[in-house]
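Colleague: Following is a predicted model, sequence given first.
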Amino acid sequence: MTTLTSSTFFMVIAGIVAVAAGFIAYTLLSKRNTVPSGSKEGFQGPARGVATIACGQESSHVTDILEIFARKSSSTGEGDADMKEFKEIMSKLCCMKHDLMSASQRVDSTLYIPYNNTHDRENPADTVGRCFTKSLPIRDLDIIFGTWKERGLFLLSRLCTSFHLSSRETEKTSRHFVSLWSDVFDIAKTTCLPPSTAPAYGSPRDPIGTTPEKVKGLGPYNGYY
């Protein structure tokens, strides 16, 4: 009887230990994969991000602007449409920043961003592609970013009125938007523009002068003709 009781006791203890070991093993295995679900991403993080707007995680200025408007409501019929377009512009700036700073040098974040002829001079994905090939002149870059800034500030002025922002909040949102724009513009000027001078090694297709072998040993010609 004593032997049976001891055996039962040890079997219960072994069962408890096995259950505990199984639980610990399951917990460790479930936490091994820390990669976000979805498509495989590079070291820059998810191409679209987890912010309230696409790529919004790329700039704290976007978060500050959206927090101000989150506490307000529009008093005009145009307010929601203006806010949607304004978010589009901020999203395009942030997605461009994500692509331009990516180590993979690929058009990922801006690939599916829609073209809007109200504030886009060309498809944002095409702009990033031209950046990577160094085929975007400074004039084109100035026009593209200048249009985003002009349209963004125009929408922001309407939104500040529609959402009844105070003068201090209006100044703060404008400052954040200009800072976001300047940040991405500086990155673009560094990444997109072609070199100011041609490479020293030239190109295999560049024309170069040659001297025929039969005249290499002749002296200089000093005649009139």
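Modeller: It's in.

Colleague: Would you confirm that residue 160 contacts residue 172?
Modeller: No: if you go by CB atoms under 8 Å, residue 160 and residue 172 don't touch, sitting 10.1 Å apart. Heads up, the C-betas are built off the backbone N, CA and C, glycines and all.

Colleague: So between those two, which is more surrounded?
Modeller: residue 160 (20 against 15; other CB atoms under 10 Å).

Colleague: ok, now which ones touch the more buried one?
Modeller: 169, 170, 173 (CB atoms under 8 Å, 6 or more residues apart in numbering).

Colleague: So which of those is surrounded by the most neighbours?
Modeller: Going by other CB under 10 Å, residue 173 tops the contacts of residue 160 with 23 neighbours.

Colleague: Please work out the average pLDDT along stretch 182-193.
Modeller: Averaging pLDDT along stretch 182-193 gives 92.

Colleague: Run the chain-centre distance for that stretch.
Modeller: Between the centre of stretch 182-193 and the centre of its chain there are 12 Å (CA atoms, centre = their mean, to the nearest Å).

Colleague: Kindly format the C-alpha coordinates of it as PDB.
Modeller: Output of stretch 182-193 as PDB, limited to C-alpha atoms (Å, rounded to 0.1, in the frame of the first residue of the first chain):
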ATOM      1  CA  SER A 182      12.000  70.700 -45.500                       C
ATOM      2  CA  ASP A 183      13.300  67.400 -44.100                       C
ATOM      3  CA  VAL A 184      12.200  65.400 -47.100                       C
ATOM      4  CA  PHE A 185      13.300  68.000 -49.600                       C
ATOM      5  CA  ASP A 186      16.800  68.000 -48.100                       C
ATOM      6  CA  ILE A 187      16.900  64.200 -48.400                       C
ATOM      7  CA  ALA A 188      15.700  64.400 -52.000                       C
ATOM      8  CA  LYS A 189      18.300  67.000 -53.000                       C
ATOM      9  CA  THR A 190      21.000  64.700 -51.600                       C
ATOM     10  CA  THR A 191      19.700  61.500 -53.200                       C
ATOM     11  CA  CYS A 192      18.000  62.500 -56.400                       C
ATOM     12  CA  LEU A 193      20.100  65.100 -58.200                       C
END
